[in-house]
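[1] Curious how this folds, go ahead:
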Amino acid sequence: METNQSWVTEFILVGFQLSSEMELLIFWVFSLLYIFSLLANGITLGLIWSDPQLHTPMHFFLSHLAIIDIAYASSSIPNMLRNLVQHKRTISFISYLVQMTLCLTVAGTECMILVVMSYDRYVAICHPLQYIIIMNWRRCTVLAVISWVCGFSLVIINIFLLVRLPFCGPQEVNHFFCEMLAVLKLACADTWVNTFIVFVGGVLILIGPFSLMLISYTCILWDTLKIKSKEGRKKAFSTCSSHLCVVGLYFGIAMLLYLVPDDSQRQETQKILTLFYGLFNPLLNPLIYSLRNAQVKGGFYRALGQKRGT
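    Here you go, the predicted structure:
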């Protein structure tokens, strides 16, 4: 087996086969959505960092989620927008490795952060008197670091196995960005090990965390049903509902992409799901948290009040 990719130095991203007029329309629509995504996550991040009342464990992890969403959208969307305008659909192998490293790292880290956020909600609802002791800042920092390390570790394994494959043509990747499974189809060697590792990684980073979240929310539901006050039950459900919305969107799409058997007839559907994953999900996350989180909305109003007062 060749030890490098010297036969092919760049790939051609096929993307979506559309007319020039439609590509221009999509460029403006996606550009606006991307800008809104950056603004929404940036505002959320700025509020959490600047408002002392939002310096809590829950909002600490929410700030990590905002950073992840900004990084994930920025890793692939700008290149896709450039291709739509310039019709230059090539990407070098080195650029692909950088893009894929960033994409996989933040995607894996988001899975872990969502697990940690579910644990935070479990402690807040099921052990409210011990919350400050359990979710101290040292533990929050350790959990955040572990999340990032886990996300990066899976990337290193996949990238190491990928660079050992020979790519001798064709160069066309049937995607709008260099998605791992789409690129593996172009290798001039047996890729079963790479495909197997991608699947195992998907199981570990999706099924494992999702199972832990189900356990957390089962315990939360059980304790919530014991609350005699209707208002108390409503408050507990409201606390977790935004997180459940994000979890449903994120893990549902990810499982369809990486755990469902590959099928050539599903390639266009997979591209649409990946686009939703990379563009719409980072936009929806801050909107869901902002609209359903009274503390974040309060921070926003306080920031507006300070601005008007100056």
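[2] and residue 91, which of the three is it?
    Under DSSP: H, G, I helix; E, B strand; the rest coil, residue 91 falls in the strand class.
[3] now the closest residue to it other than its chain neighbours: how far from residue 163?
    Spatial nearest neighbour of residue 91, excluding adjacent residues (C-beta to C-beta, 6 or more residues apart in numbering): residue 11 at 5.5 Å. Heads up, the C-betas are built off the backbone N, CA and C, glycines and all. Separation of residue 11 from residue 163 (C-beta to C-beta, to the nearest Å): 14 Å.
[4] What helices and strands are in contact with the host helix or strand of residue 85?
    Using DSSP states H and E, residue 85 falls within helix 57-86. The contact analysis (3 or more C-beta pairs under 8 Å, 6 or more residues apart in numbering; DSSP states H and E) places helix 57-86 against helix 20-50, helix 93-126, helix 137-163, helix 281-292, helix 294-309.
[5] Let me see the mean pLDDT of it.
    The pLDDT scores in helix 57-86 average 86.
[6] how about the helix or strand in which the residue nearest to residue 91 is found: buried residues?
    Remark: residue 11 resides in strand 10-13, with elements defined by DSSP H and E. Across strand 10-13, burial judged by 16 or more other C-beta atoms under 10 Å covers 11, 13.
[7] Touching, residue 112 and residue 150? I think so.
    Yes - Residue 112 is within contact range of residue 150, at 5.2 Å (criterion: C-beta atoms under 8 Å).
[8] Which residues are in contact with each of those two?
    Applying C-beta atoms under 8 Å, 6 or more residues apart in numbering, one finds that residue 112 and residue 150 are jointly contacted by residue 205.
[9] Pretty sure residue 298 sits against residue 47.
    No - taking C-beta under 8 Å as the definition, residue 298 is not a contact partner of residue 47, at 9.6 Å.
[10] Those two - which one has more neighbours?
    Per other C-beta atoms under 10 Å, whichever of residue 298 and residue 47 has more neighbours is residue 47, with 24 against 14.
[11] Common neighbours of residue 11 and residue 163, please.
    What both residue 11 and residue 163 touch, as defined by C-beta under 8 Å, 6+ apart, is an empty set.
[12] higher neighbour count, residue 112 and residue 150?
    Using other C-beta under 10 Å as the criterion, residue 112 and residue 150 rank with residue 112 on top: 22 against 18.
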